[in-house]
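Colleague: what follows is a predicted structure for the sequence shown.
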Amino acid sequence: MNMYQLFIEAQKGAAMNNFGAMYGLTPTQTRALVEAYLPAFSQGLSRKAHDPFDFAAFMRDNTTPAMQRIYDAMTPETVDPAKQAGEQLMKQIFSPEAPARMAEAASKAAGVPQATAQEFMAPFAATLAGGMQTHMAQIPGLHEWIDAFNAQREAELASQTKARKIKELKREIKEQERIEREAKERMQAPRRSVEQMGDMMKAWTVAAMGTNPFLSMLDHGQIPEPEEEPMPEAPEEERHPMAAFFDLFDPGVPTKAEEAVVDAVAEDVDDDEDEDDERS
């Protein structure tokens with residue numbers, strides 16, 4: 001199931017006709033708009049799906065009853081709430097400037113007014129989101145994997161927190177030992193001349209009697225500081241086992257004719273990379 005198939009099956013298979021009738025588009029124009037937008041939405045949603053668990057949470061937060069209703073049927077009662085939900089969704093996957101750039105490019109590709117392409121986008125986004133949530137629920141084992149993945153992440157975070165606390169405690173112990181050691185050295189300063197004489201006497205004894213292993217017991221050694229245990233390495237995250245999950249992000253249409261719309265979203269990626277470079 002790819003994104004194009006998902007949209008074709010929406011509204012009991014009538015989504016293409018319903019969107020065309022709503023915006024006064026011919027079947028060719030409607031199809032052209034859908035094919036223009038799908039690769040861009042695929043790219044935007046795929047960026048959110050880099051972590052399957054985070055994407056599942058994202059979908060739960062952004063798939064509203066309004067999205068489910070417009071996926072099931074397009075009526076005057078479902079369109080306006082879906083527009084609002086779709087606009088909110090787009091704010092989370094695109095930059096504020098991207099929708100206008102996408103609408104301009106899509107209008108040229110489909111031969112429709114830019115205002116129409118702009119109006120088309122939000123309910124289209126809501127329909128896709130409602131369909132994705134519907135089909136995610138039908139993927140065998142997906143939610144079980146997400147639950148296991150969530151439990152693993154929580155265990156890793158707990159382990160990392162425990163290791164960090166142990167490391168901090170060891171650092172505090174070492175610092176306290178250093179303070180106590182320095183205080184002890186200050187208290188023993190008047191005795192240093194006596195200790196130096198004792199060292200000289202021991203050296204004379206060794207010279208006269210030879211090395212005696214029992215004399216090493218007279219050394220003023222210090223208890224070695226405990227070595228820090230290495231931080232446990234976090235286990236590598238497994239690749240999501242549900243290939244069907246990733247199929248949902250395949251636009252299902254060629255991108256060559258719609259490269260301008262995809263490029264409008266690609267600028268978001270470039271901006272994100274620039275911000276990352278500035279922060280680093």
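Modeller: Great, that's in hand.
Colleague: show me what contacts L33?
Modeller: Taking C-beta atoms under 8 Å, 6 or more residues apart in numbering, we find L33 in contact with 19, 25, 106, 109-110, 112, 117, 120, 124. Where you see a C-beta, it was placed from the backbone N, CA and C, and this is true even at glycine.
Colleague: which element is it on?
Modeller: In this structure, L33 is located in helix 27-48 according to DSSP states H and E.
Colleague: and for A125?
Modeller: A125 belongs to helix 114-136 when elements are defined using DSSP H and E.
Colleague: which secondary structure elements does that helix contact?
Modeller: When contacts are defined as 3 or more C-beta pairs under 8 Å, 6 or more residues apart in numbering; DSSP states H and E, helix 114-136 sits against helix 3-13, helix 15-23, helix 27-48, helix 52-62, helix 65-72, helix 76-93, helix 98-110.
Colleague: can I get the last one in CSV, CA atoms only?
Modeller: Extracted as CSV, the C-alpha positions of helix 98-110 are listed here (Å, rounded to 0.1, in the frame of the first residue of the first chain):
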residue,chain,number,x,y,z
ALA,A,98,6.9,25.6,2.0
PRO,A,99,3.2,25.3,1.3
ALA,A,100,3.1,28.5,-0.8
ARG,A,101,6.1,27.3,-2.8
MET,A,102,4.5,23.9,-3.3
ALA,A,103,1.2,25.4,-4.4
GLU,A,104,2.9,27.6,-6.9
ALA,A,105,4.8,24.6,-8.4
ALA,A,106,1.8,22.3,-8.3
SER,A,107,-0.5,24.9,-10.0
LYS,A,108,1.9,25.1,-12.9
ALA,A,109,2.2,21.3,-13.2
ALA,A,110,-1.5,20.8,-13.1
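Colleague: quick check: angle from that helix to helix 27-48?
Modeller: Interaxial angle, helix 98-110 versus helix 27-48 (axes from the mean of the first three to the mean of the last three C-alpha atoms, to 10 degrees): 150 degrees.
Colleague: what do you get for the first one?
Modeller: Our comparison of helix 3-13 with helix 27-48, counting by the same axes, to 10 degrees, yields an angle of 120 degrees.
Colleague: need the residues that contact helix 3-13.
Modeller: The contact list for helix 3-13 (C-beta under 8 Å, 6+ apart) reads 15-16, 18, 34-35, 38, 41-42, 70-74, 124, 127-128, 130-132, 135, 248-253.
Colleague: filter the residues you listed down to the buried ones and express that as a ChimeraX selection.
Modeller: One line in ChimeraX is enough to select the buried ones among the contacts of helix 3-13; burial here means 16 or more other C-beta atoms under 10 Å:
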select :15,16,18,34,35,38,41,42,70,71,72,74,124,127,128,130,131,132,135,248,249,250,251,252,253
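Colleague: check which element follows the helix holding A125 along the chain.
Modeller: Secondary structure here is assigned by DSSP H and E; on that basis, the next helix or strand after helix 114-136 toward the C-terminus is helix 142-188.
Colleague: what packs against that following helix?
Modeller: Helices and strands touching helix 142-188, as assessed by 3+ C-beta pairs under 8 Å, 6+ apart, comprise helix 52-62.
Colleague: that older thread, and the contacts of L33, which two are furthest apart?
Modeller: Taking every pair in the contacts of L33 and measuring C-beta to C-beta, the maximum separation is 15.9 Å, between F19 and A109.
Colleague: what about these two, which has more around it?
Modeller: Neighbours per residue, other C-beta atoms under 10 Å: of F19 and A109, the larger number sits with F19, 22 against 19.
Colleague: would you confirm that the more buried one contacts A126?
Modeller: No - taking C-beta atoms under 8 Å as the contact criterion, F19 and A126 are not neighbours in contact, 11.6 Å apart.
Colleague: and the pLDDT at F58?
Modeller: Model confidence at F58, given as pLDDT, is 76.
Colleague: same check, this time on A115
Modeller: Here, the pLDDT recorded for A115 equals 96.
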